[in-house]
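Asks: Here is my input, please return the structure:
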Amino acid sequence: MMIKKILIVDDSPFSIKIMKSCIPKDNDYEIHDASDGRMAIEKYKEVRPDLTFLDLTMPVMNGYQALEEIIKIDPRAMVIIVTADVQIKAIEKAHELGAFAVVKKPPAKESIEQALKEANQYLMERG
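Replies: So this is what the prediction gives:
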């Protein structure tokens with residue numbers, strides 16, 4: 001299975017723009033976005049993305065809460081946390097809740113491409 005649909009969740013329109021610019025253009029990804037955790041869950045149900053990039057610090061519902069809900073909807077959900085908070089505790093908590101990886105903010109093109117590659121590989125191996 002290849003990644004086709006991507007959901008980007010961040011309360012900053014600027015961050016969403018940066019994320020979009022980091023995603024390689026040559027793969028024809030279908031990209032959706034949401035601006036808080038609650039909207040992320042609605043969008044997730046509606047779009048069923050293959051991969052979700054999720055910010056942790058957001059109003060209404062934070063990334064941890066959204067991650068928990070998304071994993072309840074789909075235990076096989078592929079979620080990559082994008083956060084400025086890369087303390088060990090935050091990373092461990094994200095992994096415990098079911099995140100696939102954590103990428104530091106602001107994201108670099110290389111780190112997003114690498115995350116996409118690893119996610120794709122994992123999905124193909126998992127089948």
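
Asks: could you pull out the strands for this structure?
Replies: 5-9, 30-34, 51-55, 79-83, 101-104 (DSSP state E).

Asks: out of those strands, deepest packed?
Replies: Among the strands of the chain, ranked by average contacts under mean count of other CB atoms under 10 Å, first place goes to strand 51-55 (a mean of 27). (Glycine included, C-beta is placed from N, CA and C.)

Asks: For that strand, which helices and strands make contact with it?
Replies: strand 5-9, helix 37-47, helix 63-73, strand 79-83, helix 109-126 (3 or more CB pairs under 8 Å, 6 or more residues apart in numbering; DSSP states H and E).

Asks: and E96, which of the ones you listed is closest to it?
Replies: helix 63-73 (9.7 Å; CB to CB).

Asks: and the closest one, what's its mean pLDDT?
Replies: In this model, helix 63-73 has an average pLDDT of 95.

Asks: quick one: the residue nearest to G63 when sequence neighbours are not counted and L97, what's the gap?
Replies: Distance criterion CB to CB, 6 or more residues apart in numbering; nearest residue to G63, sequence neighbours excluded, is L56 at 3.6 Å. Distance of L56 to L97, computed by CB to CB, to the nearest Å: 11 Å.

Asks: so what's the residue nearest the centre of the chain scoring on pLDDT?
Replies: Centroid-nearest residue in the chain: F53, 1.6 Å away (criterion: CA atoms, centre = their mean). We have a pLDDT of 97 for F53.
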